[in-house]
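> build me a model from this:
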Amino acid sequence: MYPVFEGRHARREPPGFPAVAAPLQSVRRAVGRASRRTACALAVLLAFSAALPAQTVVADYRLGGTLVSSVGTPPALSFLGNAAFATEVVDGFARTAAAFPAGDGLALTNASALMSNSYTMVLLLRLETGSGWRRVIDFKNRTSDLGLYLVYDNLNFFNLAAGAGGAVKPGAFIQVAVTREPSGRVTAYVNGSPELAFDDVNGDALPGTGDPLILFRDDLEYPNDHAAGALARLRFFNGSLSAAQVAALDRLDGVTGVTAPVIGSPAEANGIAGAPFRFQVAATQSPGDFSATGLPDWASLDHATGLIAGAPLVPGTNLVRVSANNAAGSATQTLTLTIRLFALTAGRVGDAPALILEGPLNRSYRIEHAPAVPPPSGWIPLTNVTATTSPYTVIDPSHGNADPRFYRAVLLE
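Prediction:
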């Protein structure tokens, strides 16, 4: 059993919980309130249900100076408190949006008319920094602490599932989608990337019949978990979109001459423990924002430029979900980020092969060679070296140009 400590409280995980993992964030509310909470269960997204048919948009609140949907005749939104229309820069475009101070937001009356057993809800929003917990959706008319929150850089459906963290930059517009399948399976996405999922056996992601849906204003049970922000667009579909359909959603309406980004950078990135690491996520169509989930603790993402940088200390491999976003949509890619203890690459100095060794300083290595891989007669020692610099160059003067030769480095303890 592996204890996970949070503040002065501890929770025990079941057998099989990994001994080394990304830190579990936000499974309890603020210290002092955790004792009256039940623990959050992490939801790991490994697979999705079969492809679903195309769903219909039943409401599209574009918030360009009106709270009425541009599609159909669903109930109009209403402002709560001091919420009002204001000009916001959304994905690089100046747009009218619904802005609100902390503690206010919007409400949708009779929300069950749009959110029956199966639905998709899509919000283009930003929230400023505030308390660690910032309410996004209250399904229960302010009577329950359950619901969707942003917690620092993480999406969380209290108290049922938490994302991996790193997907959200405070103050930046993100597109959050919540889908509920007929089976009750709920999945939440940030910028087209799945963040959490759970089985909604108690209808916690459904509004009560005739009840309003409350956005951004916290509940009355444990209030004040909210922040100022803005909502640029709100859409509802009459069924659950698939993961591919969510990833293909546009963001702003009425934007011409812009297409969704395409990520063109490699799907693999490598680094050396103890050496600075930099990797540039590159995409077409001038993304206004980048996001990533699954980054190791030592790495950070520049949301404006897509640069991932940091100083890894130990070897390891992480699967990182990166997204590039603009007004027309998002592109996602799974990046395999591998940190090795050392690496050996080939070059030349004059006519002789030059081996570039990168790794911890003042460690000893044995350089070996073979005519083929796998070696027909085992690896042949070439030389032992102590790397006093990194990179460190090793020359093989005994090798001519006619025959191929393969090399490897063995770290000597």
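> quick one: residue 244 is in a strand?
No: counting by DSSP: H, G, I helix; E, B strand; the rest coil, residue 244 is not part of a strand but helix.
> count of residues packed around it?
Residues near residue 244, counting by other C-beta atoms under 10 Å, number 11. Yep, even glycine has a C-beta here, placed from its N, CA and C like the rest.
> check the gap between it and residue 375 for me.
45 Å (C-beta to C-beta, to the nearest Å).
> residue 338 now?
24 Å.
> now swap in residue 265 and tell me
35 Å.
> which stretches of the protein form helices?
In the chain, the segments counted as helices under DSSP state H are 243-247.
> care to break it down by domain?
The chain breaks down by automatic domain parsing into domains covering 3-247, 268-340, 343-412.
> for the closest residue to residue 348 other than its chain neighbours, the count of nearby residues, please.
Closest residue to residue 348 apart from its sequence neighbours, by C-beta to C-beta, 6 or more residues apart in numbering: residue 354 at 5.4 Å. Neighbour count for residue 354, taken as other C-beta under 10 Å: 14.
> will you turn the domains of the chain into TSV that also has distance to residue 260 and mean pLDDT?
Listed next are these as TSV, based on distance: least, C-beta to C-beta, whole Å; pLDDT from 0 to 100:
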stretch	distance to residue 260	mean pLDDT
domain 3-247	9	80
domain 268-340	3	90
domain 343-412	35	85
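> in CSV, list those domains along with distance to residue 261.
CSV is the format used below for those (distance: least, C-beta to C-beta, whole Å):
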stretch, distance to residue 261
domain 3-247, 11
domain 268-340, 4
domain 343-412, 31
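> what's the closest of those to residue 253?
Proximity to residue 253 (C-beta to C-beta) singles out domain 3-247 among the domains of the chain, at 5.2 Å.
> how far off centre is that closest one?
Its chain's C-alpha centre and that of domain 3-247 lie 14 Å apart, by C-alpha atoms, centre = their mean, to the nearest Å.
> how about stretch 332-342?
How far stretch 332-342 lies from its chain's middle: 16 Å, per C-alpha atoms, centre = their mean.
> and the nearest residue to residue 78 once chain neighbours are set aside, how far from residue 392?
Leaving aside its sequence neighbours, residue 78 sits nearest to residue 107 (C-beta to C-beta, 6+ apart; 5.1 Å). Shown here: residue 107 relative to residue 392, a distance of 64 Å by C-beta to C-beta.
> likewise for residue 120?
From residue 120 to residue 392 the distance is 55 Å (C-beta to C-beta).
> who has more neighbours, the two?
Using other C-beta under 10 Å as the criterion, residue 120 and residue 392 rank with residue 120 on top: 27 against 19.
> my read: the more buried one touches residue 186, true?
No: between residue 120 and residue 186 there is no contact, the gap being 10.7 Å when judged by C-beta atoms under 8 Å.
> contact partners for the closest residue to residue 71 other than its chain neighbours?
Once flanking residues are discounted, residue 71 sits nearest to residue 60: 4.4 Å by C-beta to C-beta, 6+ apart. Applying C-beta atoms under 8 Å, 6 or more residues apart in numbering to residue 60 gives the contacts 69, 70, 71, 233, 234, 235, 236, 253.
> again, only using 10 Å
Listed by C-beta atoms under 10 Å, 6 or more residues apart in numbering, the contact set of residue 60 reads 69, 70, 71, 72, 74, 122, 233, 234, 235, 236, 237, 253.
> pretty sure the fifth one contacts residue 213?
Spelled out, that is residue 74. No: counting by C-beta atoms under 10 Å, residue 74 does not reach residue 213; the two are 11.3 Å apart.
> overlap of the contact sets of these two?
108, 109, 110, 111, 114, 236.
> report the two of those residues separated the most.
109 and 236 (13.6 Å).
> okay, those two: which has more neighbours?
Between residue 109 and residue 236, counted using other C-beta under 10 Å, the more crowded position is residue 236 (25 against 14).
> now the more buried one: how far from residue 78?
16 Å.
> repeat that for residue 133.
Look at residue 133 and residue 78: by C-beta to C-beta, they are 24 Å apart.
> repeat for residue 319
42 Å.
> same check on residue 288?
Applying C-beta to C-beta to residue 288 and residue 78 gives a distance of 30 Å.
> the two: which is more packed in?
The neighbour count for residue 288 versus residue 78, taken as other C-beta under 10 Å, is higher for residue 288 (20 against 12).
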